[in-house]
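# Coordinates for the following, if possible.
(one chain, ligands or ions: 2)
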Amino acid sequence: MSDLLSSLNPSQQEAVLHFEGPALVVAGAGSGKTRTVVHRIAYLLRERRVYPAEILAVTFTNKAAGEMKERLEKMVGRPARDLWVSTFHAAAVRILRTYGEYVGLRPGFVIYDEDDQNTLLKEVLKELELEAKPGPFRAMIDRIKNRGAGLAEYMREAPDFIGGVPKDAAAEVYRKYQSGLRMQGALDFNDLLLLTIELFEQHPEVLHKVQQRARFIHVDEYQDTNPVQYKLTRLLAGERPNLMVVGDPDQSIYGFRSADINNILDFTKDYPGARVIRLEENYRSSSSILRVANAVIEKNALRLEKVLRPTRPGGEPVRLYRAPNAREEAAFVAREIVKLGNFQQIAVLYRTNAQSRLLEEHLRRANVPVRLVGAVGFFERREIKDLLAYGRVAVNPADSINLRRIVNTPPRGIGATTVSRLVEHAQKTGTTVFEAFRVAEQVISRPQQVQAFVRLLDELIEAAFESGPTAFFQRVLEQTGFREALKQEPDGEDRLQNVEELLRAAQDWEEEEGGSLSDFLDSVALTAKAEEPQGDAPAEAVTLMTLHNAKGLEFPTVFLVGLEENLLPHRNSLHRLEDLEEERRLFYVGITRAQERLYLSYAEERETYGKREYTRPSRFLEDIPQDLLKEVGAFGDSEVRVLPQARPEPKPRTQLAEFKGGEKVRHPKFGSGTVVAAMGGEVTVMFPGVGLKRLAVKFAGLERL
Ligand code: ATP
Ligand code: MG
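Ligands and ions are numbered 1, 2, ... in the order given. As a prediction, this is how the structure comes out:
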């Protein structure tokens, strides 16, 4: 038997041996889905003689793509380099860089991140004379684009006010934002996918060409695809889909970003005749950990039953620590980590980024090196954005947002009044801001500084063609006095180090990937916070990250902290069963990251928004049978306490309006059911065999179970 098969179980082998036609691998966490995809690709190459240039694999992060490629290179050698392994967004960029002109894209288009989106939105709001913050509009834009439904459809269901302004005005914000992007040759993240779809729909011949490059398609983490990604997959797969998707509905955790769990649940309807393969053995976690995971996820009502058996022995018990407050919780985590050693094998996972500060503080105090994933994004730091802005303007001088960012950074005596007069001139004459800069002498009386700036940019534009990113940024640093200006700042040293880190990142990228400045900027734009360079973190460091970022990963030891009501489940998710269950899945994702050792903890007191609050332990802890947990004291195993039952809530017979999604209740006529939503004095309850009922709490006579 091929060595590609011998290290797999029979179901995994079935997936690897599957050749043409659609297939769905649906299985729980740690059952080897990702590993199966890797082996299948290797098998296609080695045994089926498929060309690497015919295989596409879509992963959830660029990092996952990099790892997959690396593993394949080890397995099949050189040909792995010609595989197309990427995220949806990176795939879209590649397609648009080649064929974007078919849908009116300029070759040098740039990709706007959140920060750029905000800047553009602020301008739009100002232009429309609306007093509002950009945040809610960005959220609106994301929602419209994630669903791929378009403005009109969104507006039909939208609330009357968005971000404090009437929805007609909000629609105008959207339109202006879109035309702003177009004018500047910029796309936001979601546009990448939408435009690719447009391209495929309008130009079947282009789609056909890309399909040749993607004869065998794989999508990992399929449960978290949104409607737009779903559509893109369908288009790529075409009439004769050789499409293998793998995923786990129990790990769908991006519903809040319009990911649609139905994409995986309906796969066999969308692709009739699809082969369905289930993997039922877990290879990752000790059986104690797996039993906890299974006990938790079983409590979800909206779920397909699934089997997940351990293959590994019992191992250490799952530990639970109840801390008097959040500081003590962090101190506990730090103490245990010091005892354990082997820092790179440890991850601390939490629900919200704000929780990282205390943990980081205590770990640093205990001299434990920390790798903090995704907090203030490296590429979002001001000095980094400034430098990158030079690059963006050099490849696309129409990008006024970034042009204005660098016009006086470092200071070169071009004042705000000068800039706004030039911007006005651009608007009046319908040209780009850079064009207006070029004719500064017609607009302002003392154009010398602006003219010098234009000359600098012309040189940089040329440099962008001639040199790679490292040389380009070096040149910017040399020619603009960027370094000297930073040195004058109070935290200049740190910022300078970041600048050095950017140069290093650019150099690494040139060695590993190689390409032009524009390619480098694409790769930066596509890099998620979870994948950024961590120049200051030593290899031997504890990883700190949110549960969302931990998807797909595994660590020998995991600390899952802050298991409290309002945190996990998050306070925004308490009113709808769907949201609550997504939180439970998030908990499940967290538990199943652990291979050998799992610590759960919560604090009885925590500061939230600067206010100290008493907390209640997460309801999800009650899902875990007591005998699966071992409660430990502040000093770990050395001080064992008997587990007190997670303090039960007093259960008043009927209390007005206090019902929560997910709660079990009994109605005198309809029997027992589950609360799906609760709003004001009304609850919606799902009664099995009866259906959904909307009831007035006051009169319904509901009893909590
Ligand atoms: P997740 O749902 O978290 O993404 P997954 O289903 O993708 O998990 P993998 O990450 O592929 O699971 O595998 C989990 C672990 O189990 C990995 O360390 C992998 O190498 C190992 N593994 C998978 N299948 C086998 C097998 N047949 N024999 C031994 N180890 C295996
Ligand atoms: Mg996986």
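
# all contacts plus neighbour counts: C-alpha atoms, from now on.
Noted.

# Any idea how many residues pack against whichever residue of the stretch 451-600 of the chain sits closest to ligand 2?
Using Cα to the ion, Gly552 is the residue of the stretch 451-600 of the chain that sits closest to ligand 2, at 4.5 Å. Gly552: 20 surrounding residues under other Cα atoms under 10 Å.

# Ok, the one 10 residues further on next?
Close neighbours of Gly562, defined as other Cα under 10 Å, add up to 28.

# Repeat that for Arg593.
Neighbour tally, Arg593, other Cα under 10 Å: 29.

# Ignoring the adjacent residues along the chain, who's closest to it?
Nearest residue to Arg593 in three dimensions, chain neighbours excluded: Glu554, at 4.6 Å (Cα to Cα, 6 or more residues apart in numbering).

# show me the residues around the residue in the stretch 351-500 of the chain that ligand 1 sits nearest to that make contact.
Nearest residue of the stretch 351-500 of the chain to ligand 1 (Cα to the nearest ligand atom) works out as Arg351 at 17.4 Å. If you count contacts by Cα atoms under 8 Å, 6 or more residues apart in numbering, Arg351 has them with 546-548, 562, 567-568, 570.

# any idea how far Leu5 lies from ligand 2?
In this structure, Leu5 and ligand 2 are 18 Å apart, going by Cα to the ion, to the nearest Å.

# Past the helix or strand harbouring that residue, which element shows up next along the chain?
For Leu5, the host element (DSSP states H and E) is helix 3-6. Counting by DSSP H and E, the element after helix 3-6 in chain order, helix or strand, is helix 10-17.

# what residues does that next one touch?
Residues contacting helix 10-17 (Cα under 8 Å, 6+ apart): 5, 23, 25, 32, 36-37, 39-41, 43, 277-279.

# Any part of that helix near ligand 1?
No - using Cα under 6 Å from any ligand atom, we find that helix 10-17 stays clear of ligand 1, coming within 7.1 Å at best.

# now stretch 221-229
No - applying Cα under 6 Å from any ligand atom, one finds stretch 221-229 separated from ligand 1 by no less than 7.0 Å.

# now the end-to-end length of that stretch.
Taking Cα to Cα, to the nearest Å, the first and last residues of stretch 221-229 lie 12 Å apart.

# Could I get the average pLDDT for that stretch?
For stretch 221-229, the mean per-residue pLDDT is 95.

# Any figure for the gap between Thr429 and Thr59?
45 Å.

# out of the two, which sits in the busier spot?
Using other Cα under 10 Å as the criterion, Thr429 and Thr59 rank with Thr59 on top: 22 against 11.

# sorry, back to before: farthest-separated two in the contacts of Arg351?
His548 and Gly562 (14.7 Å; Cα to Cα).

# List the residues that contact the residue in the stretch 401-550 of the chain positioned nearest to ligand 1.
Nearest residue of the stretch 401-550 of the chain to ligand 1 (Cα to the nearest ligand atom) works out as Ala550 at 9.0 Å. Residues in contact with Ala550 (Cα under 8 Å, 6+ apart) are 349, 589-590, 593.

# which one of those is nearest Ala171?
Val589 (37.3 Å).

# Show me the helices in the stretch 251-400 of the chain, by range?
262-265, 267-270, 287-297, 326-340, 356-365, 382-395, 400-406 (DSSP state H, counting those that start in this stretch).

# give me every residue that touches the residue of the stretch 451-600 of the chain closest to ligand 2.
Arg593.

# Number the chain from 129, please
Yes, from this point I'll number from 129; that puts the last item at Gly680.

# Output the contacts of Arg479 as CSV; include the columns secondary structure.
Formatted as CSV, these follow (DSSP: H, G, I helix; E, B strand; the rest coil):
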residue, secondary structure
Thr674, strand
Leu675, coil
His676, helix
Gly690, coil
Leu695, strand
Leu696, coil
His698, strand
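
# Could you export the helices of the stretch 379-528 of the chain as a markdown table, including mean neighbour count and distance to Arg499?
A markdown table is the format used below for these (neighbours: other Cα atoms under 10 Å; distance: least, Cα to Cα, whole Å):
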| stretch | mean neighbour count | distance to Arg499 |
| --- | --- | --- |
| helix 390-393 | 19 | 33 |
| helix 395-398 | 14 | 38 |
| helix 415-425 | 22 | 25 |
| helix 454-468 | 20 | 14 |
| helix 484-493 | 18 | 9 |
| helix 510-523 | 22 | 19 |
| helix 528-534 | 21 | 30 |
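
# want to throw these into a markdown table with mean pLDDT and distance to ligand 2?
As requested, these are exported to a markdown table (pLDDT from 0 to 100; distance: least, Cα to the ion, whole Å):
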| stretch | mean pLDDT | distance to ligand 2 |
| --- | --- | --- |
| helix 390-393 | 90 | 15 |
| helix 395-398 | 94 | 18 |
| helix 415-425 | 96 | 16 |
| helix 454-468 | 95 | 26 |
| helix 484-493 | 90 | 25 |
| helix 510-523 | 93 | 32 |
| helix 528-534 | 91 | 38 |
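
# okay, those helices in JSON lines with distance to Tyr282 next?
Shown next, in JSON lines, are the helices of the stretch 379-528 of the chain (distance: least, Cα to Cα, whole Å):
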{"stretch": "helix 390-393", "distance to Tyr282": "20"}
{"stretch": "helix 395-398", "distance to Tyr282": "25"}
{"stretch": "helix 415-425", "distance to Tyr282": "33"}
{"stretch": "helix 454-468", "distance to Tyr282": "41"}
{"stretch": "helix 484-493", "distance to Tyr282": "35"}
{"stretch": "helix 510-523", "distance to Tyr282": "32"}
{"stretch": "helix 528-534", "distance to Tyr282": "27"}
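
# how about the ones you listed in a markdown table, adding distance to ligand 1?
Shown next, in a markdown table, are the helices of the stretch 379-528 of the chain (distance: least, Cα to the nearest ligand atom, whole Å):
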| stretch | distance to ligand 1 |
| --- | --- |
| helix 390-393 | 14 |
| helix 395-398 | 18 |
| helix 415-425 | 12 |
| helix 454-468 | 21 |
| helix 484-493 | 23 |
| helix 510-523 | 33 |
| helix 528-534 | 38 |
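
# Tell me which of those helices lies nearest to Asp316.
Of all the helices of the stretch 379-528 of the chain, helix 528-534 sits nearest to Asp316, with 13.1 Å by Cα to Cα.

# What's the local residue count around His331?
For His331, using other Cα under 10 Å, the count is 14.

# Please apply the same query to the one 5 residues further on.
Using other Cα under 10 Å, His336 has 15 other residues around it.

# got the contacts of Arg479 as CSV, with pLDDT columns?
Listed next are the contacts of Arg479 as CSV, based on pLDDT from 0 to 100:
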residue, pLDDT
Thr674, 92
Leu675, 96
His676, 93
Gly690, 96
Leu695, 94
Leu696, 94
His698, 94
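
# of all the residues you listed, which comes closest to Asp270?
Nearest to Asp270 among the contacts of Arg479, with distances taken as Cα to Cα, is His676, at 18.2 Å.

# can I assume the closest one is in contact with Tyr716?
No - using Cα atoms under 8 Å, His676 makes no contact with Tyr716, being 11.3 Å away.

# Pull up the residues of the protein that are close to ligand 2.
With Cα under 5 Å from the ion as the criterion, the chain comes near ligand 2 at residues 162, 680.

# can you list contacts of the lengthiest helix in the chain?
Criterion DSSP state H: the longest helix present in the chain is helix 620-640. With contacts defined as Cα under 8 Å, 6+ apart, helix 620-640 is touched by 511-512, 596-598, 601-602, 611, 614-615, 648, 661, 663.

# So how do I select the buried members of those in ChimeraX?
Only the buried entries of the contacts of helix 620-640 go into this ChimeraX selection, using 16 or more other Cα atoms under 10 Å:
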select :511,512,596,597,598,601,611,614,648,661,663
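
# any idea of the pLDDT on the residue of the stretch 579-728 of the chain closest to ligand 2?
93.

# repeat for Ala613
What the model reports as pLDDT for Ala613 is 89.

# Same question for Asp210.
pLDDT, Asp210: 94.

# same thing with Met129?
At Met129, pLDDT is 59.
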